[in-house]
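Participant: here is a sequence together with a model predicted from it:
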Amino acid sequence: MTPAPQAAASLPGKGRHSLTLHLLLWSLGALVLVWASFVYMGYQTGVHEADELTDGHLAGVAALLINLKASEAVEKAATTQRAATPWLKAHDYQQSISVVQWNAAGRLLAQSGRAPLPAFDDSEGFADLRLGSQAVAWRSFSQWDAARTRKVMVLLELRERDELARDIAEQMVEPGLWLLPVVALALGLALRRGLRPLYALSADVSALDPSSAQRLASRHAWSEFESVVASINTLLDRQQAALVRERRLANEVAHELRTPLSSITLQASALGGISIRRPRRAPWRGSA
């Protein structure tokens, strides 16, 4: 009653997990994890670079204005606003800079830009300020001239700096996000190509006939398959030896049974040729 197990073994693995899918999922999981780390680091690097770029811009503008006379500044009401640049990106690198200048006594000399007037103090360097009735966050850089007779403060709204940081970070991250599906597809194709010897071995094993002298070919010359191929061929040799023993035993049994059957057949044939006659009654018994 062996056909049922053989038929079940010849059927494809229904409901079983696929090794290719298993490897692909693990590889994609590792790839996504590494890619997410790369995206996070790229975003943080973009934000950091945007902060440094903004601070450098503020310091550069302050260094430029500290050597210009405040009397040459235009009144705030007559200042020219930033020109519209519709051909640039929405989050371009052109930022709205505000400038405030005081003398040593704290008297306002000039003011430009839309930043509310900050309070005067003697501090220099970078600072985060909250200005206006709505306490809007601003990033500022202050510097005194060499004679400490005039102080220049350059301000930039933190919202613009954050938009610049987000834009730079997205520019760094976007290529990675576009490349992720391509890398995943290439990884899947590479896994499928790399597992081709395993597919060939599986197909050869499925095509084996235990009743024949067929063996796995030596074309599976991969070191990982040596023990598997050797074990399968050993099992096939044992199966073939068992089949030979069964045939030999069947022949011997048939030979042993053939001799008594032949004698019985001959005796039956001989008995069939003899006519068995009924014995005649004795005359004296009949007369009696």
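Facilitator: Now that the structure is in, tell me what you want to look at.

Participant: domain ranges for the chain?
Facilitator: 20-78+86-194, 197-272 (automatic domain parsing).

Participant: return the most buried member of the ones you listed.
Facilitator: domain 20-78+86-194 (a mean of 15; mean count of other C-beta atoms under 10 Å). In short, each C-beta sits where N, CA and C put it, glycine included.

Participant: and it, how far from the chain's centre?
Facilitator: For domain 20-78+86-194, the distance between its averaged C-alpha position and the chain's averaged C-alpha position is 33 Å (C-alpha atoms, centre = their mean, to the nearest Å).

Participant: give me the low-pLDDT residue ranges for the chain?
Facilitator: 1-15, 70-95, 218-221, 256-263, 266, 272-288 (pLDDT under 70).

Participant: can you show me the strands along it?
Facilitator: Applying DSSP state E to the chain gives strands spanning 97-103, 108-112, 125-131, 136-144, 150-157.

Participant: in TSV, list these along with distance to Ala230.
Facilitator: Formatted as TSV, the entries for these read as follows, by distance: least, C-beta to C-beta, whole Å:
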stretch	distance to Ala230
strand 97-103	78
strand 108-112	86
strand 125-131	73
strand 136-144	72
strand 150-157	74
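
Participant: tell me which of those approaches Ala63 most closely.
Facilitator: In this view, the strands of the chain are compared for proximity to Ala63 by C-beta to C-beta, and strand 136-144 is the closest at 7.1 Å.

Participant: what angle sits between that closest one and strand 97-103?
Facilitator: Angular relation of strand 136-144 and strand 97-103 on a 0 to 180 degree scale: 50 degrees, by axes from the mean of the first three to the mean of the last three C-alpha atoms, to 10 degrees.

Participant: and the contacts of strand 136-144?
Facilitator: Contact partners of strand 136-144, identified using C-beta atoms under 8 Å, 6 or more residues apart in numbering, comprise 54-55, 58-59, 61-63, 66, 98, 115-116, 118, 123-131, 150-159, 161.

Participant: noted, bye for now.
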